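Undergrad: Sharing a model that was predicted from the sequence below.
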Amino acid sequence: MTETNRRDISWIFVLLAAYFVLQVGVRLATSHSLDLDEAEQAFRSQWIAAGYGPQPPFYNWLQYTVFQFAGVSLTALSIVKNLLLFISYVLYGLTARLVLRDKALVAIATFGLLTIPQMAFEMQRDLTHTVAVFFSASIFFYGFIRSLKQPSLGSYLIAGIGIGFGLLAKYNFAILPAAALLAALSDARLRPRIFDWRLVLTAAVALVIILPHLFWLKDNLDFATARTLEKMTASGDASYLTQVAMGVSSLALATISFAGLTVAVFALVFGKSLRPALAAGSEWTRLLERMMLVFLAGILLLIVFGGAAGIKDRWLVPMLFILPLYFCLKIEAAGVETSKAYRRFMPVVAVVMIGVPATLYGSVAAARFTGHYERLNRPYAGMLETLRKQAEPAAILAGDSLLAGNLRQDIPGVPILSMDYPGFNPDLTSRRPLLLVWLLPQKGGSEALPPAMAQWLQTNLGVSVPQASVIDVPYIYGRGDDSYRFGYAWVNQPG
């Protein structure tokens, strides 16, 4: 890409940089509390491992490394996520510039990612591993397209890095390079790029990146896949035909959920010219169509032969993220005039860039008026601050990872265990006082120490059941006197 071309699209990246800086600021202003995936990262940053469970470890390794330098904080969590998203959008834009001549379509393709709810909204709301998948897919896709159009040692290397990162992000990422390989092999003009010695470099780089996790996976395959398979095959006692029907219908609904808004926006922006454009084509549109067909076939095989009954929309990220670029390639192939569409599209971008952060903030802050509370309204920091006035804990046993991760960002020097993750179990024999904390039902229910915690104390420390207490802490953005209830107990509390 020439220096002139870089300048032509640099404004896109400047605007995206400003947007993701805004997202960091809004997240920090919204709440100090962590959501599920954020808390998981904080909790699991207490140790480094080749594998952690159902999700591969790429994001955990990255966040662990950042925490070592910056400390455990919401700021570090938010910056890592938004930096990955920014790099992903930049790579997507560079890929679009490789295959599109019309600079307006390059902008529409890049900003078109913001019309996909799972990427514009859900990735900001809580997701981490899916963000890593998008990041890896953007690296691979850029390397793949560049290898086809402007092959070099560097392009094949980039593709290998993307594959390695992707397989460490989510296991279903494997379908993307497989789809790309089969799609390229089916085109005689692209086939020489596959039968190229540099592809060995791609495979070698990917293998080196995933090798530590592969050794772990060899001995922990059931642990790594059981939860995902349980989610996918949750069809109860349904017959085979019913399970297949459930799987196919869930795939259809997931596809509509993922692509529906994007299709609607392109239809609104391009109007009547979109329909004939969808009938146009080029070597690039045909390549992407074959990739999407192979990806779809892979999902259908999982449904028909793997028992998958529930396909989630976010599982489609490794493939359908190319949709805005695909539409733009179709539009360019049809020779559609784009200046008016571009002027109609940019206000949509503005609405998303303002509306998404405003919605994320408002969904939490509005609780003071509605009394409807999200996880980010829970006052974990206030609870810990109150309990630390009673005694300074030497270790903490939390009821679940959400609670454990939230506690860790405010007391990072203390080991924190979680009842739902037995894989982290340091010796607490000499650590006293030990603080036990758990979430209480907000309406009724027992306030006693959970039986599983009592059993853990007896089995691991030989300690009898301590006296349980309750603490009520005002919600973040709480309405009136509304408060959240935590149960807690001390083992060997001083005084």
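TA: Looks like it arrived, so ask away. Numbers count the residues shown, from 1 in each chain.

Undergrad: contacts, neighbours, all on C-alpha from now
TA: OK.

Undergrad: any idea where the helices of the stretch 351-495 of the chain begin and end?
TA: Using DSSP state H, counting those that start in this stretch, the helices of the stretch 351-495 of the chain run over 367-370, 380-390, 401-408, 451-456.

Undergrad: now the angle from the longest one to helix 401-408?
TA: Taking axes from the mean of the first three to the mean of the last three Cα atoms, to 10 degrees, one finds helix 380-390 and helix 401-408 inclined to each other by 60 degrees.

Undergrad: Now helix 380-390: average pLDDT?
TA: Averaged over helix 380-390, pLDDT sits at 96.

Undergrad: same check, this time on the third one
TA: Mean pLDDT, helix 401-408: 97.

Undergrad: Buried residues, it. List them.
TA: Burial within helix 401-408, assessed by neighbour count using 16 or more other Cα atoms under 10 Å, is assigned to S401, L402, L403, A404, G405, N406, L407, R408.

Undergrad: want to throw the helices of the stretch 351-495 of the chain into a markdown table with distance to L167?
TA: Converted to a markdown table, the helices of the stretch 351-495 of the chain look like this (distance: least, Cα to Cα, whole Å):
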| stretch | distance to L167 |
| --- | --- |
| helix 367-370 | 39 |
| helix 380-390 | 34 |
| helix 401-408 | 24 |
| helix 451-456 | 35 |
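
Undergrad: Of the ones you listed, which stretch is the most buried?
TA: helix 401-408 (a mean of 26; mean count of other Cα atoms under 10 Å).

Undergrad: for that helix, packing partners?
TA: Applying 3 or more Cα pairs under 8 Å, 6 or more residues apart in numbering; DSSP states H and E, one finds that helix 401-408 makes contact with helix 36-44, helix 380-390, strand 416-418.

Undergrad: any idea how far that helix is from the chain center?
TA: Distance, stretch centre to chain centre, for helix 401-408: 19 Å (Cα atoms, centre = their mean, to the nearest Å).

Undergrad: what angle do it and helix 36-44 make?
TA: Using the same axes, to 10 degrees, helix 401-408 lies at 60 degrees relative to helix 36-44.

Undergrad: Now tell me what touches helix 401-408 from outside.
TA: Defining contact as Cα atoms under 8 Å, 6 or more residues apart in numbering, one finds that helix 401-408 is touched by 33-36, 38-44, 72, 380-381, 384, 397-398, 414, 416-421, 438-439.

Undergrad: Just the buried subset of these, please.
TA: Neighbour-count burial (16+ other Cα under 10 Å) applied to these gives 33-36, 38-44, 72, 380-381, 384, 397-398, 414, 416-419, 438-439.

Undergrad: Strands of the stretch 351-495 of the chain, residue ranges please.
TA: Per DSSP state E, counting those that start in this stretch, the stretch 351-495 of the chain carries strands over the ranges 395-398, 416-418, 434-439, 468-474, 483-491.

Undergrad: now the second one: mean pLDDT?
TA: Right, the one you point to is strand 416-418. Averaging pLDDT along strand 416-418 yields 96.

Undergrad: And it, what does it pack against?
TA: strand 395-398, helix 401-408.

Undergrad: Contacts for it next, please.
TA: Counting by Cα under 8 Å, 6+ apart, 43, 395-401, 404, 407-408, 424-425 sit against strand 416-418.

Undergrad: Widest-spaced pair of those residues?
TA: L407 and N425 (16.7 Å; Cα to Cα).

Undergrad: Helix or strand with the lowest mean pLDDT in this protein?
TA: When the helices and strands of the chain are scored by mean pLDDT, DSSP states H and E, helix 221-232 comes last with a mean of 68.

Undergrad: Name the spans of the stretch 201-350 of the chain whose pLDDT lies under the cut-off.
TA: Along the stretch 201-350 of the chain, segments meeting pLDDT under 70 span 226-237.

Undergrad: Which residue is the nearest non-sequential neighbour of T202?
TA: G160 (4.0 Å; Cα to Cα, 6 or more residues apart in numbering).

Undergrad: elements contacting the helix or strand containing that neighbour?
TA: Assigned by DSSP states H and E, G160 belongs to helix 153-169. Judged by 3+ Cα pairs under 8 Å, 6+ apart, helix 153-169 is in contact with helix 58-70, helix 129-149, helix 198-219.

Undergrad: Same list, those, but as TSV with distance to L113 and mean neighbour count please.
TA: Listed next are the helices and strands packed on helix 153-169 as TSV, based on distance: least, Cα to Cα, whole Å; neighbours: other Cα atoms under 10 Å:
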stretch	distance to L113	mean neighbour count
helix 58-70	21	18
helix 129-149	11	24
helix 198-219	26	17
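
Undergrad: Let me have the ones you listed in CSV, adding distance to A367 as columns.
TA: Shown next, in CSV, are the helices and strands packed on helix 153-169 (distance: least, Cα to Cα, whole Å):
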stretch, distance to A367
helix 58-70, 30
helix 129-149, 28
helix 198-219, 42
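
Undergrad: mind checking which of those helices is nearest G462?
TA: The closest of the helices and strands packed on helix 153-169 to G462 is helix 198-219. By Cα to Cα, the value is 31.0 Å.

Undergrad: so that closest one versus helix 153-169, what angle?
TA: Going by the same axes, to 10 degrees, helix 198-219 makes 20 degrees with helix 153-169.

Undergrad: Any chance you could give me helix 198-219 in PDB, C-alpha atoms only?
TA: What follows is helix 198-219 as a C-alpha-only set of coordinates in PDB (Å, rounded to 0.1, in the frame of the first residue of the first chain):
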ATOM      1  CA  ARG A 198       5.600 -20.600   2.300                       C
ATOM      2  CA  LEU A 199       2.500 -22.300   3.500                       C
ATOM      3  CA  VAL A 200       4.800 -24.500   5.500                       C
ATOM      4  CA  LEU A 201       5.800 -21.400   7.400                       C
ATOM      5  CA  THR A 202       2.200 -20.600   8.100                       C
ATOM      6  CA  ALA A 203       1.600 -24.100   9.600                       C
ATOM      7  CA  ALA A 204       4.900 -24.100  11.600                       C
ATOM      8  CA  VAL A 205       4.200 -20.700  13.200                       C
ATOM      9  CA  ALA A 206       0.700 -21.700  14.100                       C
ATOM     10  CA  LEU A 207       1.900 -25.000  15.600                       C
ATOM     11  CA  VAL A 208       4.600 -23.300  17.700                       C
ATOM     12  CA  ILE A 209       2.100 -20.900  19.100                       C
ATOM     13  CA  ILE A 210      -0.400 -23.600  20.100                       C
ATOM     14  CA  LEU A 211       2.000 -26.300  21.100                       C
ATOM     15  CA  PRO A 212       2.000 -25.600  24.900                       C
ATOM     16  CA  HIS A 213      -1.700 -25.700  25.000                       C
ATOM     17  CA  LEU A 214      -1.800 -28.900  22.800                       C
ATOM     18  CA  PHE A 215       0.200 -30.700  25.400                       C
ATOM     19  CA  TRP A 216      -2.200 -29.600  28.100                       C
ATOM     20  CA  LEU A 217      -5.200 -30.500  25.900                       C
ATOM     21  CA  LYS A 218      -3.900 -34.000  25.400                       C
ATOM     22  CA  ASP A 219      -4.400 -34.800  29.100                       C
END
